[in-house]
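*Asks:* The sequence isn't on hand, but the structure is:
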(Lines give C-alpha, C1' and ligand atoms only; values in the text may rest on other atoms or scores of the structure.)
Protein backbone atom coordinates (compact mmCIF):
# COMPACT_ATOMS: atom_id res chain seq x y z
CA UNK A 1 0.00 0.00 0.00
CA UNK A 2 1.18 3.53 -0.70
CA UNK A 3 0.48 7.06 0.44
CA UNK A 4 1.54 10.24 -1.39
CA UNK A 5 1.34 13.34 0.82
CA UNK A 6 1.06 16.66 -0.96
CA UNK A 7 0.26 20.24 -0.18
CA UNK A 8 -3.17 20.07 -1.83
CA UNK A 9 -4.06 16.36 -1.85
CA UNK A 10 -3.48 13.04 -0.14
CA UNK A 11 -3.39 10.11 -2.57
CA UNK A 12 -3.42 6.45 -1.54
CA UNK A 13 -3.26 3.24 -3.53
CA UNK A 14 -3.04 -0.51 -3.32
CA UNK A 15 -0.15 -1.59 -5.57
CA UNK A 16 0.69 -5.15 -6.58
CA UNK A 17 4.16 -6.66 -6.69
CA UNK A 18 4.63 -5.69 -10.34
CA UNK A 19 4.01 -2.02 -9.65
CA UNK A 20 0.43 -1.91 -10.95
CA UNK A 21 -2.08 0.27 -9.11
CA UNK A 22 -5.13 -1.90 -8.43
CA UNK A 23 -7.14 0.52 -6.30
CA UNK A 24 -6.82 4.18 -5.43
CA UNK A 25 -8.40 7.02 -3.46
CA UNK A 26 -7.67 10.66 -2.74
CA UNK A 27 -8.85 13.55 -0.57
CA UNK A 28 -7.89 17.18 -0.14
CA UNK A 29 -5.06 17.80 2.32
CA UNK A 30 -6.67 19.15 5.49
CA UNK A 31 -5.72 22.45 7.08
CA UNK A 32 -3.76 22.11 10.26
CA UNK A 33 -0.45 20.67 11.42
CA UNK A 34 1.28 17.40 10.65
CA UNK A 35 -0.92 15.46 13.06
CA UNK A 36 -4.08 16.59 11.23
CA UNK A 37 -2.57 15.48 7.92
CA UNK A 38 -1.64 12.04 9.24
CA UNK A 39 -5.04 11.52 10.88
CA UNK A 40 -6.70 12.26 7.52
CA UNK A 41 -4.24 9.93 5.79
CA UNK A 42 -5.07 7.09 8.19
CA UNK A 43 -8.80 7.52 7.49
CA UNK A 44 -8.12 7.45 3.75
CA UNK A 45 -6.09 4.24 4.05
CA UNK A 46 -8.77 2.61 6.19
CA UNK A 47 -11.14 2.97 3.26
CA UNK A 48 -9.41 0.10 1.47
CA UNK A 49 -10.86 -2.29 4.03
CA UNK A 50 -9.45 -5.80 4.01
CA UNK A 51 -7.16 -5.45 1.00
CA UNK A 52 -4.13 -7.75 1.48
CA UNK A 53 -1.30 -5.41 2.50
CA UNK A 54 2.21 -6.27 3.69
CA UNK A 55 3.53 -2.77 4.30
CA UNK A 56 2.85 0.93 3.82
CA UNK A 57 5.16 3.13 1.79
CA UNK A 58 4.89 6.89 2.16
CA UNK A 59 6.18 9.62 -0.12
CA UNK A 60 6.27 12.89 1.81
CA UNK A 61 7.53 16.43 1.17
CA UNK A 62 10.64 17.72 2.88
CA UNK A 63 13.95 16.20 3.91
CA UNK A 64 13.21 12.85 5.54
CA UNK A 65 15.50 10.97 7.90
CA UNK A 66 15.52 7.53 6.21
CA UNK A 67 16.14 5.74 9.50
CA UNK A 68 13.44 7.29 11.68
CA UNK A 69 10.99 8.46 9.02
CA UNK A 70 10.84 11.89 10.68
CA UNK A 71 10.65 15.13 8.67
CA UNK A 72 14.00 16.83 9.29
CA UNK A 73 13.15 20.05 7.47
CA UNK A 74 10.46 21.33 5.14
CA UNK A 75 9.34 24.40 3.24
CA UNK A 76 5.98 26.07 3.81
CA UNK A 77 4.05 23.63 1.56
CA UNK A 78 2.56 22.04 4.69
CA UNK A 79 2.34 24.25 7.79
CA UNK A 80 3.95 22.69 10.83
CA UNK A 81 5.31 19.76 8.82
CA UNK A 82 8.95 19.96 9.95
CA UNK A 83 9.57 17.60 12.85
CA UNK A 84 6.54 15.40 12.15
CA UNK A 85 7.27 11.74 13.12
CA UNK A 86 5.57 10.30 10.03
CA UNK A 87 6.76 6.72 10.38
CA UNK A 88 6.04 6.42 14.11
CA UNK A 89 2.62 8.04 13.85
CA UNK A 90 1.41 6.04 10.85
CA UNK A 91 2.70 2.79 12.35
CA UNK A 92 0.56 3.49 15.42
CA UNK A 93 -2.46 4.52 13.35
CA UNK A 94 -2.40 1.67 10.81
CA UNK A 95 -0.61 -1.21 12.54
CA UNK A 96 1.55 -1.68 9.42
CA UNK A 97 5.31 -1.57 8.94
CA UNK A 98 5.89 1.89 7.43
CA UNK A 99 8.67 3.20 5.20
CA UNK A 100 8.92 6.96 4.61
CA UNK A 101 10.95 8.73 1.92
CA UNK A 102 10.85 12.11 0.26
CA UNK A 103 8.14 12.18 -2.42
CA UNK A 104 10.59 12.70 -5.28
CA UNK A 105 12.68 9.78 -4.06
CA UNK A 106 9.52 7.69 -4.06
CA UNK A 107 8.96 8.74 -7.68
CA UNK A 108 12.55 7.86 -8.51
CA UNK A 109 12.31 4.39 -6.99
CA UNK A 110 9.14 3.71 -8.96
CA UNK A 111 10.67 4.86 -12.24
CA UNK A 112 13.88 2.92 -11.58
CA UNK A 113 12.00 -0.35 -11.04
CA UNK A 114 8.83 -0.13 -13.11
CA UNK A 115 9.15 2.95 -15.30
CA UNK A 116 11.45 4.80 -17.67
CA UNK A 117 14.54 4.27 -15.52
CA UNK A 118 14.30 0.48 -15.59
CA UNK A 119 17.24 -0.96 -17.52
CA UNK A 120 19.55 1.97 -16.71
CA UNK A 121 22.14 1.64 -13.95
CA UNK A 122 22.63 5.22 -12.72
CA UNK A 123 19.69 7.58 -13.20
CA UNK A 124 19.01 11.19 -12.29
CA UNK A 125 15.28 11.66 -11.74
CA UNK A 126 13.74 15.14 -12.02
CA UNK A 127 10.21 15.99 -10.89
CA UNK A 128 8.72 19.30 -12.06
CA UNK A 129 5.42 20.27 -10.52
CA UNK A 130 4.52 22.65 -7.71
CA UNK A 131 8.24 22.58 -7.02
CA UNK A 132 11.33 21.15 -8.71
CA UNK A 133 12.86 18.08 -7.12
CA UNK A 134 15.50 15.51 -7.92
CA UNK A 135 16.81 12.14 -6.79
CA UNK A 136 19.49 9.65 -7.77
CA UNK A 137 19.26 5.89 -8.13
CA UNK A 138 22.12 3.49 -8.74
CA UNK A 139 21.37 -0.11 -9.55
CA UNK A 140 17.77 0.54 -8.50
CA UNK A 141 18.82 1.75 -5.05
CA UNK A 142 18.17 5.26 -3.77
CA UNK A 143 21.18 7.40 -2.94
CA UNK A 144 20.38 9.58 0.07
CA UNK A 145 23.74 11.26 0.64
CA UNK A 146 25.22 12.33 3.96
CA UNK A 147 22.35 14.71 4.78
CA UNK A 148 19.46 13.17 2.84
CA UNK A 149 19.59 15.63 -0.09
CA UNK A 150 21.43 13.67 -2.81
CA UNK A 151 20.05 14.57 -6.24
CA UNK A 152 18.25 17.70 -5.03
CA UNK A 153 18.11 20.27 -7.85
CA UNK A 154 15.64 22.92 -6.66
CA UNK A 155 18.31 25.19 -5.22
CA UNK A 156 20.72 25.28 -8.17
CA UNK A 157 21.56 28.88 -9.01
CA UNK A 158 20.22 30.23 -12.32
CA UNK A 159 21.19 33.40 -14.23
CA UNK A 160 17.88 35.25 -13.77
CA UNK A 161 15.28 35.99 -11.13
CA UNK A 162 12.15 33.89 -11.18
CA UNK A 163 8.59 35.16 -11.15
CA UNK A 164 7.87 33.18 -7.97
CA UNK A 165 10.08 32.35 -4.99
CA UNK A 166 11.72 28.99 -4.52
CA UNK A 167 10.39 27.06 -1.54
CA UNK A 168 13.36 28.40 0.42
CA UNK A 169 12.39 31.98 -0.43
CA UNK A 170 15.06 32.85 -3.01
CA UNK A 171 14.27 33.83 -6.59
CA UNK A 172 17.62 32.92 -8.20
CA UNK A 173 17.10 29.16 -7.79
CA UNK A 174 15.96 26.67 -10.43
CA UNK A 175 12.62 26.12 -8.69
CA UNK A 176 11.84 29.83 -9.00
CA UNK A 177 12.07 29.73 -12.81
CA UNK A 178 11.12 26.18 -13.86
CA UNK A 179 8.32 25.05 -11.50
CA UNK A 180 4.65 24.84 -12.39
CA UNK A 181 3.82 28.13 -10.61
CA UNK A 182 6.69 29.85 -12.45
CA UNK A 183 5.37 28.64 -15.80
CA UNK A 184 1.85 29.68 -14.86
CA UNK A 185 3.15 33.16 -14.05
CA UNK A 186 5.08 33.60 -17.32
CA UNK A 187 3.11 31.40 -19.71
CA UNK A 188 6.44 30.34 -21.20
CA UNK A 189 7.00 26.59 -20.79
CA UNK A 190 9.80 26.42 -23.41
CA UNK A 191 11.85 29.07 -21.59
CA UNK A 192 11.44 27.20 -18.30
CA UNK A 193 12.47 24.00 -20.07
CA UNK A 194 15.56 25.71 -21.49
CA UNK A 195 16.65 26.87 -18.04
CA UNK A 196 16.22 23.34 -16.69
CA UNK A 197 18.22 21.95 -19.63
CA UNK A 198 21.08 24.38 -19.00
CA UNK A 199 21.14 23.41 -15.34
CA UNK A 200 21.24 19.74 -16.30
CA UNK A 201 24.23 20.38 -18.57
CA UNK A 202 26.30 21.44 -15.57
CA UNK A 203 24.83 18.89 -13.21
CA UNK A 204 25.55 15.94 -15.50
CA UNK A 205 29.19 16.96 -15.70
CA UNK A 206 29.30 16.17 -11.98
CA UNK A 207 26.98 13.15 -11.77
CA UNK A 208 27.41 11.52 -15.21
CA UNK A 209 24.28 9.30 -15.05
CA UNK A 210 23.24 6.79 -17.71
CA UNK A 211 19.94 8.62 -18.22
CA UNK A 212 17.74 11.45 -16.95
CA UNK A 213 14.04 10.79 -16.28
CA UNK A 214 11.78 13.85 -16.16
CA UNK A 215 8.41 13.49 -14.43
CA UNK A 216 5.92 15.46 -12.39
CA UNK A 217 2.84 17.38 -13.43
CA UNK A 218 4.68 19.89 -15.65
CA UNK A 219 6.20 17.05 -17.69
CA UNK A 220 2.65 16.26 -18.80
CA UNK A 221 2.86 19.41 -20.99
CA UNK A 222 4.91 17.22 -23.31
CA UNK A 223 6.95 18.41 -26.26
CA UNK A 224 6.89 22.20 -25.65
CA UNK A 225 8.61 21.66 -22.32
CA UNK A 226 10.61 18.45 -22.81
CA UNK A 227 11.98 19.38 -26.25
CA UNK A 228 13.25 22.66 -24.82
CA UNK A 229 14.93 20.80 -21.94
CA UNK A 230 16.70 18.47 -24.35
CA UNK A 231 17.76 21.16 -26.84
CA UNK A 232 19.27 23.40 -24.15
CA UNK A 233 21.03 20.45 -22.56
CA UNK A 234 22.55 19.31 -25.87
CA UNK A 235 23.74 22.85 -26.63
CA UNK A 236 25.50 23.38 -23.29
CA UNK A 237 26.65 19.90 -22.21
CA UNK A 238 30.19 18.65 -22.54
CA UNK A 239 30.60 16.64 -25.78
CA UNK A 240 30.82 13.20 -24.10
CA UNK A 241 27.54 13.87 -22.26
CA UNK A 242 25.38 15.17 -25.11
CA UNK A 243 24.04 11.76 -26.00
CA UNK A 244 22.73 11.07 -22.47
CA UNK A 245 19.05 10.11 -22.86
CA UNK A 246 16.56 12.56 -21.37
CA UNK A 247 13.25 10.71 -21.26
CA UNK A 248 9.76 11.36 -19.88
CA UNK A 249 8.68 9.41 -16.82
CA UNK A 250 6.87 6.20 -17.69
CA UNK A 251 4.52 6.03 -14.70
CA UNK A 252 3.12 9.56 -14.89
CA UNK A 253 1.73 10.94 -11.66
CA UNK A 254 1.43 7.39 -10.22
CA UNK A 255 5.21 7.18 -9.87
CA UNK A 256 5.39 8.27 -6.19
CA UNK A 257 2.69 5.78 -5.22
CA UNK A 258 4.28 2.91 -7.12
CA UNK A 259 7.74 3.71 -5.83
CA UNK A 260 6.65 4.07 -2.21
CA UNK A 261 4.78 0.76 -2.32
CA UNK A 262 7.61 -1.18 -3.99
CA UNK A 263 10.20 0.25 -1.60
CA UNK A 264 8.11 -0.57 1.46
CA UNK A 265 7.50 -4.12 0.24
CA UNK A 266 11.19 -4.63 -0.51
CA UNK A 267 12.25 -3.40 2.94
CA UNK A 268 9.56 -5.44 4.67
CA UNK A 269 10.90 -8.51 2.88
CA UNK A 270 14.36 -7.74 4.27
CA UNK A 271 12.93 -7.47 7.77
CA UNK A 272 13.44 -3.70 7.85
CA UNK A 273 9.86 -2.95 8.96
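*Replies:* Perfect, thanks for sending it. In this text the structure is predicted, and so the values were computed from the model without any measurement.
*Asks:* can you map out the strands along the stretch 51-200 of the chain?
*Replies:* Under the criterion DSSP state E, counting those that start in this stretch, strands of the stretch 51-200 of the chain are mapped to 56-60, 63-64, 71-73, 98-102, 122-128, 132-138, 141-143.
*Asks:* what comes into contact with the first one?
*Replies:* Same thing as strand 56-60. The contact list for strand 56-60 (C-beta atoms under 8 Å, 6 or more residues apart in numbering) reads 1-5, 45, 69, 71, 86-87, 90, 94, 96-107, 256-257, 259-265. From N, CA and C alone the C-beta is placed, and that goes for glycine too.
*Asks:* buried ones in that strand?
*Replies:* 56-60 (16 or more other C-beta atoms under 10 Å).
*Asks:* again, but for the last one
*Replies:* By neighbour count with 16+ other C-beta under 10 Å, strand 141-143 contains the buried residues residue 142.
*Asks:* Could you pull up the mean pLDDT of that strand?
*Replies:* Regarding strand 141-143, the rounded mean pLDDT is 95.
*Asks:* of the buried residues of strand 56-60, closest to residue 227?
*Replies:* Closest to residue 227 out of the buried residues of strand 56-60 is residue 59 (28.2 Å), distances taken as C-beta to C-beta.
*Asks:* who's that closest one bridged to?
*Replies:* residue 4, residue 101 (DSSP bridges).
*Asks:* what about residue 25, which SS state?
*Replies:* Recorded secondary structure, residue 25: strand (DSSP: H, G, I helix; E, B strand; the rest coil).
*Asks:* in the stretch 1-150 of the chain, which spans are helices?
*Replies:* Remark: helices assigned in the stretch 1-150 of the chain by DSSP state H, counting those that start in this stretch are 34-46, 86-94, 103-114.
*Asks:* tell me the contacts of the residue lying closest to residue 191 once chain neighbours are set aside?
*Replies:* Closest residue to residue 191 apart from its sequence neighbours, by C-beta to C-beta, 6 or more residues apart in numbering: residue 228 at 7.4 Å. Contacts for residue 228 were tallied using C-beta under 8 Å, 6+ apart; they are 189-194, 197.
*Asks:* Go through the helix or strand harbouring residue 228 and flag the buried ones.
*Replies:* Per DSSP states H and E: residue 228 is located in helix 223-236. Buried positions in helix 223-236, judged by neighbour count with 16+ other C-beta under 10 Å: 225-226, 228-230, 232-233, 236.
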